[in-house]
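Colleague: Okay, predicted coordinates and the sequence, questions at the end:
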Number of protein chains: 4
Amino acid sequence: MKKDIDFSIKRLGKAIHLSPLENINFVDDNGKIIYDVDYNNIVANHKNISLEKMITLEEAGPRERLYFNPEKVVAGIVTCGGLCPGLNNVIRSIFMQIHYQYKVKNIIGFRYGYRGIYQNSHPGPMMLTENDVEHIHNRGGSILGSSRGSSDPVEIVDGLEYYGINILFTIGGDGTIKGSIAIEEEIARRDLAISVVNVPKTIDNDIPFTSKSFGFQTAFSEAVESIRCAHNEAKGAPNGIGIVKVMGRDSGFIAAHTTLAQKDVNFLLVPEIDFDLEGPDGLLVKLEKRLERSHHALIVVAEGAGQKYFENVDEKQDLSGNILLNDIGVYLKGKIKSYFAEKKIEVNIKYIDPSYIIRSVPANPEDSVYCGILAEHAVHAAMSGRTRIIIGNWNARFVHLPMDVIQYGRKKIDPKGALWQSVLLSTGQPTLK
Amino acid sequence: MKKDIDFSIKRLGKAIHLSPLENINFVDDNGKIIYDVDYNNIVANHKNISLEKMITLEEAGPRERLYFNPEKVVAGIVTCGGLCPGLNNVIRSIFMQIHYQYKVKNIIGFRYGYRGIYQNSHPGPMMLTENDVEHIHNRGGSILGSSRGSSDPVEIVDGLEYYGINILFTIGGDGTIKGSIAIEEEIARRDLAISVVNVPKTIDNDIPFTSKSFGFQTAFSEAVESIRCAHNEAKGAPNGIGIVKVMGRDSGFIAAHTTLAQKDVNFLLVPEIDFDLEGPDGLLVKLEKRLERSHHALIVVAEGAGQKYFENVDEKQDLSGNILLNDIGVYLKGKIKSYFAEKKIEVNIKYIDPSYIIRSVPANPEDSVYCGILAEHAVHAAMSGRTRIIIGNWNARFVHLPMDVIQYGRKKIDPKGALWQSVLLSTGQPTLK
Amino acid sequence: MKKDIDFSIKRLGKAIHLSPLENINFVDDNGKIIYDVDYNNIVANHKNISLEKMITLEEAGPRERLYFNPEKVVAGIVTCGGLCPGLNNVIRSIFMQIHYQYKVKNIIGFRYGYRGIYQNSHPGPMMLTENDVEHIHNRGGSILGSSRGSSDPVEIVDGLEYYGINILFTIGGDGTIKGSIAIEEEIARRDLAISVVNVPKTIDNDIPFTSKSFGFQTAFSEAVESIRCAHNEAKGAPNGIGIVKVMGRDSGFIAAHTTLAQKDVNFLLVPEIDFDLEGPDGLLVKLEKRLERSHHALIVVAEGAGQKYFENVDEKQDLSGNILLNDIGVYLKGKIKSYFAEKKIEVNIKYIDPSYIIRSVPANPEDSVYCGILAEHAVHAAMSGRTRIIIGNWNARFVHLPMDVIQYGRKKIDPKGALWQSVLLSTGQPTLK
Amino acid sequence: MKKDIDFSIKRLGKAIHLSPLENINFVDDNGKIIYDVDYNNIVANHKNISLEKMITLEEAGPRERLYFNPEKVVAGIVTCGGLCPGLNNVIRSIFMQIHYQYKVKNIIGFRYGYRGIYQNSHPGPMMLTENDVEHIHNRGGSILGSSRGSSDPVEIVDGLEYYGINILFTIGGDGTIKGSIAIEEEIARRDLAISVVNVPKTIDNDIPFTSKSFGFQTAFSEAVESIRCAHNEAKGAPNGIGIVKVMGRDSGFIAAHTTLAQKDVNFLLVPEIDFDLEGPDGLLVKLEKRLERSHHALIVVAEGAGQKYFENVDEKQDLSGNILLNDIGVYLKGKIKSYFAEKKIEVNIKYIDPSYIIRSVPANPEDSVYCGILAEHAVHAAMSGRTRIIIGNWNARFVHLPMDVIQYGRKKIDPKGALWQSVLLSTGQPTLK
C-alpha cells in the first residue's frame, strides 16, 4: 500500500546561505505536492484520516536558502549503467546550472561510472570546463563514459574525500541508486557533509512515482523506425513475419508507446501481460490465422516478456545486478519457425533487435528540454542540502523522492488501464491465453 | 481568480446504454481530479472552505453507461483553422476508436472546416472508411482539409440535421471552440440530442488548463532545425546575426522550448516579457556588445513579441478572428540593419521564418501517441453524452473541460517561473529594459 | 579481358511504330558510348586495332521508332530477391512512364517474385492503377512483395502467355537476372515477341559495368547511423569495442562508403582485402594497441569479409542461389572476446547488425531521382524492342547492357585504387597481415 | 564550340620530390580523360581531325613526383561566398590528407573569406589542428566563416607571402574562382611558387564541365522537405496553392531534382525554360484549370526563373558580383493572388522560401564522401605543382580543369534533354507559352 511509503526527505543540515539566484520565484522550502489527485479518494480518506496525513511529495525547485556555500562547493558527476539518450544533456545542464547560476567553480567528471571515483582510477577524472560540455547535447552516449559493476562504497567515499567533493550527482537507474544509497550510508557513517543526488535514468520508464524518465521518449521514437522497417519486411515477403525486440526488462512501456505511435503492430508482448504460445488461443495459432487473412504479421516483444518459457532460468546477473534475461526474441523466432515448418506453411521471418541503435542516439528535442529541467532541479536540491534523493515528476510537477522508493518495485503497465486498452485497440490482438 | 471558474460539464441526458467495451476499467462517471495539487494551499483553503468546494475537473475516460446507442450513432469530424502536426492522427484515432470499439458504422468527414458541414458545400463530405485513414498518421496536414472563416451556426446545425449527425468532433483552437459553442447553443435551441466535443488544437500550446496540446512538441522539435541552421549562418559570416521567427501569438512556448532544446540562442523575445530595442539596456546595444565579444549572435522571436512597436496597430483580423499581427521578425531585421548601418558596423543578417515548414510536418512519435489518447477520450466523452466540452490534460490526467474556459484567456509563460528561468540560464540574456 | 566481352544488344525485331513521345530529343537508335575514356589507352589501342573495334556500350534513351504498338502492349512488373530501398520508386516510375508517356493501359504487378507469374499463383497479380502507386515512393519495401527461390521458366512463360504480357520488367539482382535469362531463352524457344528488361537491384553496388545501383546510396547513408551509435557505445564503456556488420557479400562498397561518410571507423574489413586475426600484425594485436592508446575502437565488417576463417564452409545456398555466408560479425565478436579474456583485459563489446533496418527504408531523395531515371530507360528500351538487357550507368551515361554481363563477376573494390586509399586515410588502419 | 576550349593545365615547375604516399597506384602524370564519350562523334571527328586532337581533360589523382617538398609546405585554406553543405567536410579532408598523407605540418585556416588573408585581418587566421577539425563534418556552415565581397589580389598575395603560404586552397564558386584567377596572376607577376587550387562550390550545380558539385545533393534533398510541407499546406485549404522558391540563379537543377525526388509538384519554373503568366496558355489560366480539377496545386520556382517580368531590372550586384535577382517567388505570389481576387475565386496561397535552411545543414552521407574525394584530389594536384585549377568530375572521373573554364558560362538544363523530359512527365505540366 502506498500509504505506508515514507516520502520524507533527508537534509544535511540547516540552510543558512542566501541563494545567488536572482529574479526568481523561490519555492517554499516546505512545499509539497499531494500524491493522489482523485477527489473522491480524498473525500473518502478524509473521513478516516486527517488532512495532515495526506500522502505528499516534496516539491522540487530553487530554495532561497542554501545549505552549501556556493563559493566553496566542489561538485562531482558520474554516469553509470547502460547508455541512454540524454546523458550528455544532463551532464551539460548540471554543469551550466551549478556553474553559471550558483557560481560553483570546480566541477569534476568521473570516468566510466562509480569506479572512476576511486582514487587511482584510470583514466582519472576530468575537471570539466564549458568547452568540454558546450556541444555535447547534440551527441549520443556519455562523454564521461559509463560502466556496470559492483563498487565499493568505502573506496568511493575515500575518493570523494580525496577529491574534496561536496555534492555527488549520480546519473543512473536502479543499480546506480542502490549504489548511491550505499555511498550515502557510508558518508553518514563518517559524518561527512556530502550530498548525493540522483537523476534517475531508466530507458524503460519504470522508476516508481515518476511519470516519465529522460531518454524514454527518444527511445520509443527511435524504435518506431525499426517497427516501420519490420513492417516493410513483413509485407515484402510471402507470409512475412516481422519480429522486433525492444527494451523493457520488467515494464513494456517502450513497446507499448512504439505500438501506439506507429500502429502497424499486430501482436504486442510485454512482461506485465501473460501470454501462451501453444493452445488454441496461443500466439502461434492466432498468428497462423492472421497470416491466412493478411499474408503478413508484425510482432513486437519487450525483452522481459515471456520469461516463463525458460524453464531453467538460472539467475545469472549482469554486473549491475540485473538478472540476465533469456532472449525471448530469439526464442520466439525459433518457435514460430518450427511451428510453421511442421505445418509445412512457408513463412519468412525477419528478426530485428535494435537495442544499441536506440539507446545511443542523441536526445530528441523534447528529451533535451526535459533533461535540462531535471538537471536544474538536481542542482537546486543538492545546494539546499537535500541528500539521498532522486528527482521525480508526479502530477506534472517536479518532486524530490527519497532514493528508498526503489524498494517499492518498478512502475508497470496496468493490464486494465487506459494504456493497455489503447494498445489492444491499435493491435486488435486477442487475449492470447 | 480560478476559484470562480465553473468547471461543471454539460450532459445531453441520462446514460442508459451499456458500453460495448470489454476487459476495461471504466472510469467512475463522477470521477474528478482536483485542480490544485499544492498541499499547503489545500490545507490553507480547507480552513475556510469545505472540502466539498475544492475546485475539481471531471476525469476523462470510458464510461460503463452511454447516452447514445452506438448502433445508431452517426458521427462527424471536422478540422478547422491552420494546420498543426497531428490532425490526421486525431482523425484516424477518432475513427478507429468509435468504429472498432464502439461499433459505430457511419463516420462522416466534413471537408475544409465548418463550411463543409453546410448542406450544399463543395466538395461534399466523405463517408470515411478504414482504407481512407489507415496510413494517414504518417502524413502532415489534414486529409479533410481545413479553413478559417466565420460560419453560420444555423446553417451548420441545418447540415448536422441533414446528415443525421449525433456527435460532432471539432478539431481546432480558440476560434473553432467559439464556433463550437455557437453550434452547441443552436443545437440546444432546437432541443436536439447532438453532442459537440472538441479536441483542442493550438500549436502555441496556450489552451488554458491544459498542460500540453497536440502538435506542440512536434512543432518546437522542428523549429530546432531552423535554430541550428540560423546558428550556422550566424557563425558563417562576419558579425553574422541569425533571426528566427517562430509561432506564438500570445505565448512564447514554442520559442522557449526550442531555445531550451538547442541552447544556441543568445536572445529570446516572447510576447509575455516586455523588451526595449533602444536605450543602453535595449536589444540593439546588447546585441552590439555580443557581436564585439563573439562576432555572431542568434535571436529567436515569437511572432507575438514586441507588438508595442507598431504604433498604428490596426486591429485587422484574419478569418478566424485572430488579430493580424505585424511582422516583428521583418521589423527587427530592419531595425538591426539600420542601427548597424548608422554605426558603420558590418553585419550579416540572415532571417528565417519557418512557420509553414513547422506546422505541416507529420506528428512525431510522442505526439502521435498523445493524439491517439486525446481522440479516444473525445470518443468516450461523446458516447457518454457529454457536450460542449474540450479534452484537456491536467495534473498528468486527462479531463473534460467546458468549452467556456477559453474565455479565461490563454496559458502564458510566467516571467518569474521555472521555464523562463531556464531560458535565461540558457541564453545568458540580460533584462533588455 | 574486357575486350572479349560482347556488349551487343538483342532486339525482338524491327522498330516500325512511331513513338508517341513529344517535344523530345530522341536518342540515335545506334547511339554508343565508348567503354574506356582513358585517352592514352585509346591512342595505344588505336595503333593496333581499328577505331571501329573500340569497345562500346549501347546508349539508353527514348527511340523515335518503337517495336511495340503502345496501344496493344500489356506490361508486367515483378520484384525479386531481398528488399532494397527504391523498389517502390522503380515500380512507380515504370508505371508512370509507360502509362502516361506511352499510353499503355494494362500494367500488371506480379506478387512475391517470379512465382507470382505462375498461372495459379496466390495471391494473384494486381492490375495496377495510378491510385495504387501514387504515394508509394515514400515507403520502403515493395508493394508487390518479393521472394527468393528457384522458378521454372516454363511455368513463367506459360504465365506470361496466359496474361498476354508483351513486356516483362524484372527488378532484381544476380539471381533475378539469371532467372530473366532463362525466361528470355524460353521465350525465344517459343518464338514469342516478349521483351524482358531488368532494372538491376544490388544494394551492394556490385553489378559489373554499372557505376551505381539504386538503393546503394540510401543503404550506406542509413548505415552511417549505426556507425554513429556504435561509436557512442564504444566510447561509453571502458575499452568499448563497437562492431558493425553491414551488407556486402562480395564487395565492400557499403562498408567503405559508410566509413568515408562518417570517419569514426578504426578498422574496416571487406571481402576484397585479406586480413589476419592472429599474429603480430593481425587485427587482435592491433586492436589491443588501439585500446591502449584510445580506450575504445570501432570496427566495421562487410558480411562477406574473412570467410577464410570458416574452415568447413559448407556451400549452402539460399533460395536465390547465394552461398550462405558464415556470420563474420558474430565470429569476430567471439574471437575478440576470448582474446581479451585470455589476456585478462576488460573489454566491452557492442555488436550491431543493422541489415534489415538498412534495406527496408524508403529511398532517399537522390535514390528516388535515380530510380526514376532507370525506370524510364527500362521503359524506353522495352518499347523499342530491346530484350535480355539490364539498364546500366557507365561514364555518367545510361546504357543498355546484355544480361550476360553478369557472368563476368561482380564489381569490387580495387585494393590499390583511390577508394581504398581514402579508406586507409580515414581509418588509419595498418595492413593487418 | 567546345572544341575551342583550352583545357591545358598550368604547372609551377618540374615535379622532382618523391611522393611520401605508400601502397598506392599513382596516376600517370600525363593521364587524360576524353571529353566526349559518344562513339559516333568520335568516328565522325576522326575523319577530319587526328586522334591527337581529341579534346581531353587532365586526370586527377596522386602523382609519384611532387613539385613541393612536403616537409616545407605551408598550406592555407579559405572559404568564400554563401554557405553550402559540405564546406566543413572539404576543410577537414584537405587538412587530413595533406597532414597525414603528405606530412605537411603547417595548415592555416583564413577567416571569413579572402579578406581573412590580408595581413591585418581581424580575427586573424587559425593554425589548424586535428582537434579543430575532428568533428566538423557533422556540422553545417564553415568553421572558418565566409564572406562575399571584392578583394584586392595585391593585399592577398602580400598576405600569402607574409604567412609563407605555398599552397592556397580556395573553396568557393564563380566569384571565388574569378578572385583565385586574379590572385594567381598576381602570384605569377611576382614570380612566386604558390599554387592556387579551387574546390568548386556551387549549390546550384552549375559549374561547367563538372557533373556534380558538392552540397548540391544535400541541398535538393533538404528542399524535398519543403515540397512535402507545401504540398500538405496546399491540400489542407480550399484551393490551396503552395509556392516554394528554391535556389538556382541561372540553372534549375535543384528545382528539377527536388521535383523528381518528391513528385508532388504540378508546375516547375526554371531559368532555362521561358514561360508566360498571362494568356490562354500561361501559368495563371493553367493554374485555374488545375484548381478546378484538383482543388489544390503546388508550384516550385527556381530563384532565377521569370526574370523577364522585372522590366526595370537594375543591374544591382551583391558583393560577390552576382546580379541581385528580383524575387520571383514574391512576385508570383502577388500575381496569383490578384488574378484570383479579380475572378473572385477563393485561393489560399502558402509561400515558402527555405533557402537558408537548405544551405546551412550538414552534408548528407553521399556529399560527405564526395567532399572528401574532391579535397583529396585538390591536395594531390597542389602538391604536384598544378595551379590555377579547379577539381572537376567528368565522365564519372575526377579531373583538373583550368579555372578559365568559368568564362564558358554555367551548366544548364537542356530543354530537350532527358532531365527536363522527366520533369514534364512528373509534373504533367503544359508548355506555359
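Modeller: Right, received. Where do you want to start?
Colleague: How about residue A:95, nearest residue that isn't a chain neighbour?
Modeller: residue A:133 (5.0 Å; C-beta to C-beta, 6 or more residues apart in numbering or on different chains). For every residue, glycine as well, the C-beta is placed using N, CA and C.
Colleague: sorry, that was for residue A:27
Modeller: Nearest to residue A:27 is residue A:61, by C-beta to C-beta, 6+ apart, at 3.2 Å.
Colleague: and that neighbour, what does it touch?
Modeller: Each residue near residue A:61 by C-beta atoms under 8 Å, 6 or more residues apart in numbering or on different chains is listed here: A:26, A:27, A:31, A:377, A:380, A:398, B:418.
Colleague: Need the per-residue pLDDT for it.
Modeller: Note on residue A:61: pLDDT of 95.
Colleague: what's the answer for residue A:143, then?
Modeller: 96.
Colleague: one step back: quick one, phi psi at the residue nearest to residue A:95?
Modeller: The phi/psi pair for residue A:133 (degrees, to the nearest 10) reads phi -110, psi -10.
Colleague: re earlier: so the residue nearest to residue A:27 sits in a helix?
Modeller: No - Residue A:61 is assigned coil when assessed by DSSP: H, G, I helix; E, B strand; the rest coil, not a helix.
Colleague: Backbone dihedrals for it, please?
Modeller: Torsion angles, degrees, to the nearest 10, at residue A:61: phi 140, psi 170.
Colleague: and it, how far is that from residue A:369?
Modeller: The gap separating residue A:61 from residue A:369 is 17 Å, by C-beta to C-beta, to the nearest Å.
Colleague: Over to residue A:361?
Modeller: Taken as C-beta to C-beta, the span from residue A:361 to residue A:369 is 16 Å.
Colleague: repeat for residue A:235
Modeller: Plainly put, residue A:235 is 36 Å away from residue A:369 if you go by C-beta to C-beta.
Colleague: picking up where we left off before, out of the contacts of residue A:61, which sit inside strands?
Modeller: residue A:398 (DSSP state E).
Colleague: ranking the contacts of residue A:61 by neighbours, who comes first?
Modeller: Among these, the one with the most neighbours (other C-beta atoms under 10 Å in any protein chain shown) is residue A:380, at 28 neighbours.
Colleague: isn't it right up against residue A:64?
Modeller: No - counting by C-beta atoms under 8 Å, residue A:380 stays clear of residue A:64, with 10.8 Å between them.
Colleague: residues in contact with the nearest residue to residue A:152 once chain neighbours are set aside?
Modeller: For residue A:152, ignoring the flanking residues on the chain, the nearest one in space by C-beta to C-beta, 6+ apart is residue A:118 at 8.0 Å. Residue A:118 sits next to A:152, A:155, A:156, A:158, A:159 when contact means C-beta under 8 Å, 6+ apart.
Colleague: before we move on, what about residue A:68?
Modeller: Shown in contact with residue A:68 (C-beta under 8 Å, 6+ apart): A:17, A:166, A:167, A:195, A:382, A:383, A:385.
Colleague: Is it possible to get those out as CSV so that each row also shows neighbour count, pLDDT and secondary structure?
Modeller: Formatted as CSV, those follow (neighbours: other C-beta atoms under 10 Å in any protein chain shown; pLDDT from 0 to 100; DSSP: H, G, I helix; E, B strand; the rest coil):
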residue, neighbour count, pLDDT, secondary structure
A:17, 18, 97, strand
A:166, 22, 98, coil
A:167, 29, 98, strand
A:195, 29, 98, strand
A:382, 28, 98, helix
A:383, 32, 98, helix
A:385, 23, 98, coil
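Colleague: Chain A - how does it break down into domains?
Modeller: Dividing chain A into domains by automatic domain parsing, as the record does, gives the ranges A:2-213+A:361-408, A:219-359+A:415-427.
Colleague: Determine which of these approaches residue D:293 most closely.
Modeller: For the domains of chain A, the distance to residue D:293 is smallest for domain A:219-359+A:415-427, at 32.3 Å, taking C-beta to C-beta.
Colleague: Export the contacts of residue A:61 as TSV, with columns for distance to residue B:273 and pLDDT.
Modeller: Shown next, in TSV, are the contacts of residue A:61 (distance: C-beta to C-beta, whole Å; pLDDT from 0 to 100):
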residue	distance to residue B:273	pLDDT
A:26	19	93
A:27	21	94
A:31	25	95
A:377	23	97
A:380	22	98
A:398	22	96
B:418	15	88
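Colleague: now the helices for the stretch 51-200 of chain A?
Modeller: Assigned by DSSP state H, counting those that start in this stretch, the stretch 51-200 of chain A shows helices spanning A:87-96, A:130-133, A:153-163, A:174-189.
Colleague: Ranked by average pLDDT, which of these falls at the bottom?
Modeller: Out of these, helix A:130-133 stands lowest, with a mean of 92 (criterion: mean pLDDT).
Colleague: if we look at that one, which residues are touching it?
Modeller: Taking C-beta under 8 Å, 6+ apart as the rule, helix A:130-133 contacts A:88, A:91, A:92, A:95, A:96, A:99, A:109, A:126, A:143.
Colleague: Give the burial count for the third one, as a bare number.
Modeller: Residue A:92 is surrounded by 24 other residues when neighbours are defined as other C-beta under 10 Å.
Colleague: Go ahead and confirm it touches residue A:139.
Modeller: No - if you go by C-beta under 8 Å, residue A:92 and residue A:139 don't touch, sitting 10.2 Å apart.
Colleague: Mutual contacts of the two, please.
Modeller: Joint contacts of residue A:92 and residue A:139 (C-beta under 8 Å, 6+ apart) do not exist.
Colleague: Could you list the low-confidence segments of the stretch 251-400 of chain A?
Modeller: With pLDDT under 70 as the threshold, the stretch 251-400 of chain A has low-confidence stretches at A:311-324.
Colleague: Right, I'll call it a day here.
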